[in-house]
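A.B. asks: Quick one, what's the 3D model for this:
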Amino acid sequence: MEFNRHSQKSSTAVSSNRNNSSNNSNNNSTKTNNSSSSNSSINQNSKQENDVDKSKNKEENTKLRGLIMKLSMSDQLQLYHNHQDVAQLCDGIWRSNYKRLDFRQLQHELSGDNLNYFLSCMQEHFRYVYFTADRLQDNLNILERAAIKALDSVQHCELLMSSPPSDSQQSLPCESGAGDAGLGRVGVIAAVLGGTLMPQWPLHALPKMLRNLRRLKVHCEVQVHFIEQFPQLELLVLYGDISQSALTGILERCKQLKRLFIKCKKSPSHLKGIDNCSRLEDVSLPIALLQPAQDAILALPMLHMLELTGSQQLPELIVECMRLVIKAQAANIEIIQLNCGCFEGPLWMRETSLSRCKRLQGLVLNNCKFDDREIVDLKMPRVHNYLVLSGCPDLKEYQLLDIVKKCPHLSELYLVDCPLLTGKVLHDIYRVRSSEKLDYPISIVLSRCDAISNDYQEEFFEHWESKLDVLKLDCLLEENRPIEDLQLFFYKNPKTPPILEN
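C.D. replies: The predicted structure follows:
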């Protein structure tokens, strides 16, 4: 009995061991199957990747073959013998010819890996960047995909709009795009309240992206503070409307600013803080902003050019502003350029005390009416270097002669579209200039003054050729853009001794 019991236990143990062995064998078999399955999956994925790479290489080779086939045989041989230099040569060509990163055109020319590679190669060589402001987040995403966190070599940036907003676009919400997530209801509210539909938050990324920026032109609306975070900014042009808070932040913190142009349609209410911009040389602003800030603006130590825009609808304000500037800075005014189209006659010259500008080197008058007035009664200033009279439909010869007498040191006289003048005035000017015995001639430059030109050409060999040391005539080959508003230029060195009058 004992033997049988022991035998039964042994039999049970053997049976158990067999079962365990069978289970282990099954487990090992399962593991082997799983491992085989996993390896098979990896091999299959690897094969798929290889197939994709082969397909991609085949496609690239096809494109490359097409490019090479366009070359002549001699060019193909040249490329064959020097193929190892192609990459380096391409880098040199890109650096020379593609210093401007323009997002308006970029995606039409490159995409995918080619775009990323090009941006990565050129990251340190771009000098200019042109963003599409209403798609700014898309532009930034492109840079992010190319692993570009900063464009440290860029010194010039423009924020452009993809298209000018129409009235319907300003009053209706636009479709949301990349970077506009959640804008739907906000866009409607902004439109109703008269605000902007352009997302403002991507603008905050620009100061970190463009750490060495010096010149910025903004064509979009600005409601947020970001421009003052460019510490080296020297030029700022604002074409889009800007909030008063954002403008004040710029004036208080942009200490290096040298040129400021406020060209927006909706004028800010004030220029508080502009006295902090002690390096300002050129300032352009709506004429309505001058009077409240005239003391601070005219006290800028390096001021060279002051442009007052939007003046054509406000002739009385032009007269008042010119009077204020001339009263404060008459001795330092070097050049005056003015569109006189808003004035009914020439009496503004007397009303603005223009004759107080004793050191005037240049005077440009566009669309000026003289109304058969005596020049002496108008108190016209003495000009020492050049005078431009453009679009003066009623300027008579006796008036022009009196102007020349008033300005004995004049070296250049530009006459553009003055239809009443004939060649007779040249003889009168010659007599006046020859009596002054100057060692340089007066150069008269014409455009659209056909009567003078024709008379001069007919008499040139018989009369004028021997008198070129006193008077010479030239034709204006290319006209500059007509003056639209008021520009005043000041001497850069106010300590320059004044010109003595004869």
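A.B. asks: Please report how far Gly249 lies from Leu410.
C.D. replies: The gap separating Gly249 from Leu410 is 47 Å, by CB to CB, to the nearest Å. Yep, even glycine has a C-beta here, placed from its N, CA and C like the rest.
A.B. asks: ok, those two, which is more surrounded?
C.D. replies: Leu410 (23 against 18; other CB atoms under 10 Å).
A.B. asks: for that one, what are its contacts?
C.D. replies: 383-387, 404, 442 (CB atoms under 8 Å, 6 or more residues apart in numbering).
A.B. asks: 6 Å - rerun?
C.D. replies: Ile442 (CB atoms under 6 Å, 6 or more residues apart in numbering).
A.B. asks: With Pro346 instead?
C.D. replies: Contacts of Pro346 (CB under 6 Å, 6+ apart): 370-371, 373, 378.
A.B. asks: Let's see that with 8 Å instead.
C.D. replies: So Pro346 contacts 340, 368-371, 373, 378 (CB under 8 Å, 6+ apart).
A.B. asks: In helices only, show me those.
C.D. replies: Within the contacts of Pro346, membership in helices is found for Leu378, as judged by DSSP state H.
A.B. asks: possible to save the contacts of Pro346 as TSV with pLDDT and neighbour count?
C.D. replies: Formatted as TSV, those follow (pLDDT from 0 to 100; neighbours: other CB atoms under 10 Å):
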residue	pLDDT	neighbour count
Cys340	95	24
Cys368	96	23
Lys369	96	17
Phe370	96	24
Asp371	94	11
Arg373	95	18
Leu378	95	23
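A.B. asks: what's the most distant pair in the contacts of Pro346?
C.D. replies: Pairwise distances across the contacts of Pro346 peak at 13.2 Å for Cys340 and Arg373 (criterion: CB to CB).
A.B. asks: which SS state does Leu101 fall under?
C.D. replies: strand (DSSP: H, G, I helix; E, B strand; the rest coil).
A.B. asks: Go through the contacts of Pro346 and name the one nearest Ile326.
C.D. replies: Once CB to CB is applied, the member of those that ends up nearest Ile326 is Leu378, at 15.1 Å.
A.B. asks: Hmm, Arg350 and that closest one touching each other?
C.D. replies: Yes. Using CB atoms under 8 Å, Leu378 makes contact with Arg350 at a distance of 5.7 Å.
A.B. asks: The closest residue to Cys220 other than its chain neighbours: neighbour count?
C.D. replies: For Cys220, the nearest residue in space outside its immediate sequence neighbours is Ala133; the separation is 3.7 Å by CB to CB, 6 or more residues apart in numbering. Neighbourhood size, Ala133 [other CB under 10 Å]: 24.
A.B. asks: so who does Ala133 touch?
C.D. replies: So Ala133 contacts 159-161, 198, 218-220 (CB under 8 Å, 6+ apart).
A.B. asks: in the stretch 51-200 of the chain, which segments are predicted with low confidence?
C.D. replies: 51-57, 60, 80, 163-197 (pLDDT under 70).
A.B. asks: and the residue most central in space within the chain, how far is that from Phe261?
C.D. replies: Geometric centre of the chain, nearest residue: Lys217, 4.4 Å, by CA atoms, centre = their mean. Noted for Lys217: a distance of 9 Å to Phe261, by CB to CB.
A.B. asks: Check Asp113 too.
C.D. replies: For Asp113, the distance to Phe261 - CB to CB - is 40 Å.
A.B. asks: Over to Leu235?
C.D. replies: 8 Å.
A.B. asks: residues near the closest residue to Leu119 other than its chain neighbours, how many?
C.D. replies: The shortest distance from Leu119 to any non-neighbouring residue, by CB to CB, 6+ apart, is to Ala146 (4.0 Å). Per other CB under 10 Å, the neighbour tally for Ala146 reads 18.
A.B. asks: what do you get for Lys63?
C.D. replies: 10.
A.B. asks: I'd like the numbering to begin with 58 instead of 1 from here.
C.D. replies: Okay, residue one is now 58; in that scheme the one you just asked about reads as Lys120.
A.B. asks: what about it, helix or strand, and which?
C.D. replies: helix 59-126 (DSSP states H and E).
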